[in-house]
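1. Generate coordinates for the sequence data below:
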Amino acid sequence: MSPHLQVYRLPMLAWLSILHRATGVALSIAILLLPVVLLTAVSGGEAYDCLQQHLSAWYGQVVLFLITLSLNYHLCNGIRHLFWDAGHGFELKSADRSGAISVVAALLLTAAAWALALA
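-> The predicted structure follows:
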């Protein structure tokens with residue numbers, strides 16, 4: 001293996017781009033599972049109780065939290081991309097700052113959504 005690959009660090013913008021794509025894939029999978037969840041909910045009885053049990057368990061809560069975080073990050077980063085489409089924020093310092101803002105905003109939106117949901 002070439003030694004430069006062991007010491008090279010991806011810039012923050014590259015990580016944010018990879019994360020944006022990963023959250024897009026995760027949200028696509030979540031959307032594909034939504035009809036299954038809805039059909040289970042409307043079928044009533046035992047199926048709904050099973051769904052509710054899994055979603056309220058710790059692993060269900062983790063999945064729901066990650067979906068919420070993915071949605072909020074993808075939304076915030078998408079807004080950032082809209083500014084880029086308009087020709088704003090291409091300077092490296094500005095792009096780094098807007099990336100950090102989108103991460104913090106996604107975390108705050110997720111915390112607010114879960115605070116409302118658990119209240």
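2. What ranges does the chain have for its helices?
-> Taking DSSP state H as the test, the helices found in the chain are 3-7, 12-43, 45-56, 58-85, 92-118.
3. Using JSON lines, please lay out these together with mean neighbour count.
-> Glycine gets a C-beta too; all of them are placed from N, C-alpha and C. Output for the helices of the chain, formatted as JSON lines (neighbours: other CB atoms under 10 Å):
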{"stretch": "helix 3-7", "mean neighbour count": "7"}
{"stretch": "helix 12-43", "mean neighbour count": "13"}
{"stretch": "helix 45-56", "mean neighbour count": "12"}
{"stretch": "helix 58-85", "mean neighbour count": "16"}
{"stretch": "helix 92-118", "mean neighbour count": "14"}
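4. Least reliable of the ones you listed by average pLDDT, please.
-> Mean pLDDT is lowest for helix 3-7 among the helices of the chain, at a mean of 71.
5. Distance of the residue nearest the centre of the chain relative to Ala41?
-> Centroid-nearest residue in the chain, with CA atoms, centre = their mean: Ser70, separated by 0.8 Å. For Ser70, the distance to Ala41 (CB to CB, to the nearest Å) stands at 22 Å.
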